[in-house]
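Peer 1: My questions are about this predicted structure, shown below with the sequence.
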Amino acid sequence: MNRSAFFLVLLIGLAVGAAPGSAHQPPSELHLVGDHWTAWNPPSTFPEGAEVHTIVRGDTLWDLAARFYGDPYLWPQLWERNQYIRDAHWIYPGDPLVVGFEVTPLDDLAGLQDTEVETDDGYDRSIGAPEALGYESDLYCSGFIAPRDRAFSHKILGSEYQNLGPTLTRQRQARRSGSAELAPTAKVGLTVGDIVYLDGGEDSGIMPGDVFMTMADRGSIQHPVTGKDMGIFYQHLGRVRVLSVQETTAIAEVSFSCRPIEIGAKLEPFRPEPIPLRRRTPLRGVNDPVTMAALEDAPVIVHTNDQVVTLGESSVVFIDRGQGDDVAPGDLFTIYRIGAQGVPPMVLGELAVLAVHENSSVARILESRYAVYIGDRLDLK
């Protein structure tokens, strides 16, 4: 096959995988398997009763997980069932994919053996079994950045504690001694088990058993590099579960709390999100950074929870890429710092995307060589 024909096959044959439009470079070596070209070594036999899908042009693991599992966030488990695929960002029309509704429990992944894979730089590197890239608290106790016009379905009107103080007549108020004022509520920060009232009921479709995330406005976020307004940071506080519903209100109980829940907190329906899984590979070598040009329009760390300044391993951060920016849960980014002019970017560490929102994503720092700060740049691994 001549050079032109090879590249024609490359352009036709490739189908982007878990992150559509990803900046990942495709594997450089293709070979013919049956009637199609692929970079992998797909199996020729499958377990009895296995449901197998033949990949077609345009398929992605994200879309296929949505089709076969009902949830695109389960794409890492689809990848796990097809271990011959070495990079989830590149799948090939004609390759078989074992699908179906049976997904691998996380506890069953611990016994999988490490494998050796030859990389483009010629080195053999060990790639272990897929591992969880974070914890539930990283998702449900973080938050998101939203445009200023973001609307929320409901809010917390009040709590039982607002009705526990005495109601004084004018005469009794006048006879009070001292300067202390009556508190408007017996308890300010609400926690698990406390009863709250919501500003919607039967009129807005709320039903007993509904669960809502609670969040609080924590102020404006300015982009650390461009200075542009990104919107409002909403911090997750916890969850409430509806106990009973009236015509225009509902009574709910705090079922989970990360922080004290406030009267006036915004509410959104709770949607569970699985923690993404990913096979880890070694941190990018300090002697092989990306170019300065590659970081000109690169993603940036723009915010942290609880105003933390110095960041490191296990820190939860927010990056300036969201829905529509070719970012998917499970994506890994190398963290860089741009130094003095003429000096190559410095490799600081690595982070993983856990959840993607409208104009930002939640990520967790997996590894750090030095302290990481807001404004550091990212390069998709």
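Peer 2: Happy to help now that I have it. Numbers count the residues shown, from 1 in each chain.
Peer 1: What segments of the protein are helices?
Peer 2: 3-13, 61-69, 75-80, 136-140, 170-175 (DSSP state H).
Peer 1: Mean pLDDT lowest where, among these?
Peer 2: Lowest mean pLDDT of the helices of the chain: helix 3-13, a mean of 41.
Peer 1: Scan the chain for its longest strand.
Peer 2: strand 229-245 (DSSP state E).
Peer 1: And the pLDDT at residue 148?
Peer 2: Looking at residue 148, its pLDDT is 92.
Peer 1: wait, doesn't it sit right on residue 234?
Peer 2: No: counting by Cβ atoms under 8 Å, residue 148 stays clear of residue 234, with 11.4 Å between them. Every residue, glycine included, has its C-beta placed from N, CA and C.
Peer 1: Which residue of the two possesses the greater neighbour count?
Peer 2: Set residue 148 next to residue 234 and count neighbours by other Cβ atoms under 10 Å: residue 234 wins out with 23 against 9.
Peer 1: Can you name every helix or strand that the longest strand of the chain contacts?
Peer 2: With contacts taken as 3 or more Cβ pairs under 8 Å, 6 or more residues apart in numbering; DSSP states H and E, strand 229-245 sits against strand 143-146, strand 195-198, strand 211-222, strand 250-257.
Peer 1: Please work out which of the ones you listed is packed deepest.
Peer 2: strand 143-146 (a mean of 24; mean count of other Cβ atoms under 10 Å).
Peer 1: residues touching the residue lying closest to residue 154 once chain neighbours are set aside, list them.
Peer 2: Excluding the flanking residues, the one nearest residue 154 by Cβ to Cβ, 6 or more residues apart in numbering is residue 267, at 4.2 Å. Residues near residue 267 by Cβ atoms under 8 Å, 6 or more residues apart in numbering: 152-156, 198, 212-215, 240.
Peer 1: Nearest residue to residue 255 in space, ignoring adjacent ones along the chain?
Peer 2: Nearest to residue 255 is residue 241, by Cβ to Cβ, 6+ apart, at 4.4 Å.
Peer 1: gap between the closest residue to residue 259 other than its chain neighbours and residue 155?
Peer 2: Once flanking residues are discounted, residue 259 sits nearest to residue 237: 5.1 Å by Cβ to Cβ, 6+ apart. According to Cβ to Cβ, to the nearest Å, residue 237 and residue 155 sit 12 Å apart.
Peer 1: Neighbour count: these two, which is higher?
Peer 2: residue 237 (26 against 17).
Peer 1: Am I right that the more buried one is in contact with residue 263?
Peer 2: No: using Cβ under 8 Å, residue 237 is not in contact with residue 263; the gap is 11.3 Å.
Peer 1: now residue 29, nearest residue through space, not along the chain?
Peer 2: residue 39 (6.4 Å).
Peer 1: Mind listing the shared neighbours of residue 237 and residue 155?
Peer 2: Each of residue 265 lies in contact with both residue 237 and residue 155 under the rule Cβ under 8 Å, 6+ apart.
Peer 1: Of the helices and strands packed on strand 229-245, which is nearest residue 354?
Peer 2: Closest approach to residue 354 among the helices and strands packed on strand 229-245 is made by strand 143-146 (11.4 Å; Cβ to Cβ).
Peer 1: contacting residues around the closest one?
Peer 2: Contacts for strand 143-146 (Cβ under 8 Å, 6+ apart): 215, 218, 221, 230-236, 302-303, 305, 318, 357-360, 362.
Peer 1: Flag every buried residue along stretch 148-167.
Peer 2: 154-156, 158-159, 161-162 (16 or more other Cβ atoms under 10 Å).
Peer 1: what two of those residues are the furthest from one another?
Peer 2: 154 and 161 (19.6 Å).
Peer 1: who are the neighbours in contact with residue 363?
Peer 2: Taking Cβ under 8 Å, 6+ apart as the test, what residue 363 contacts is 301, 316-319, 333, 351-354.
Peer 1: wait, residue 315
Peer 2: 304, 308, 364-365, 372.
Peer 1: The same query, at a cut-off of 10 Å, please.
Peer 2: Contact analysis of residue 315 by Cβ atoms under 10 Å, 6 or more residues apart in numbering lists 138, 301, 304-305, 308, 349, 351, 363-365, 368, 371-372.
Peer 1: same question, residue 132
Peer 2: When contacts are counted by Cβ under 10 Å, 6+ apart, residue 132 touches 76, 106, 109, 138, 274-278, 352, 354.
Peer 1: again, 6 Å this time
Peer 2: 275, 277 (Cβ atoms under 6 Å, 6 or more residues apart in numbering).
Peer 1: cool, residue 74 as well?
Peer 2: Counting by Cβ under 6 Å, 6+ apart, residue 74 touches residue 65.
Peer 1: what do you get for the one 5 residues further on?
Peer 2: Residues near residue 79 by Cβ under 6 Å, 6+ apart: 61, 88.
Peer 1: one more time with 8 Å
Peer 2: Residue 79 is in contact with 18, 61, 85, 88, 130, 277, counting by Cβ under 8 Å, 6+ apart.
Peer 1: before we move on, what about residue 376?
Peer 2: If a contact means Cβ under 8 Å, 6+ apart, then residue 376 has 300-301, 335-337, 348 as its contacts.
Peer 1: could those be laid out in CSV, adding distance to residue 93?
Peer 2: Listed next are the contacts of residue 376 as CSV, based on distance: Cβ to Cβ, whole Å:
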residue, distance to residue 93
300, 35
301, 36
335, 34
336, 34
337, 40
348, 38
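Peer 1: Going by distance to residue 190, which of those wins?
Peer 2: Using Cβ to Cβ, residue 301 comes nearest to residue 190 of the contacts of residue 376, at 31.3 Å.
Peer 1: So what pairs up with that closest one in the strands?
Peer 2: Beta bridges link residue 301 to residue 319, judged by DSSP bridges.
Peer 1: hang on, it packs against residue 321?
Peer 2: No: with contact defined as Cβ under 8 Å, residue 301 does not reach residue 321; the gap is 10.7 Å.
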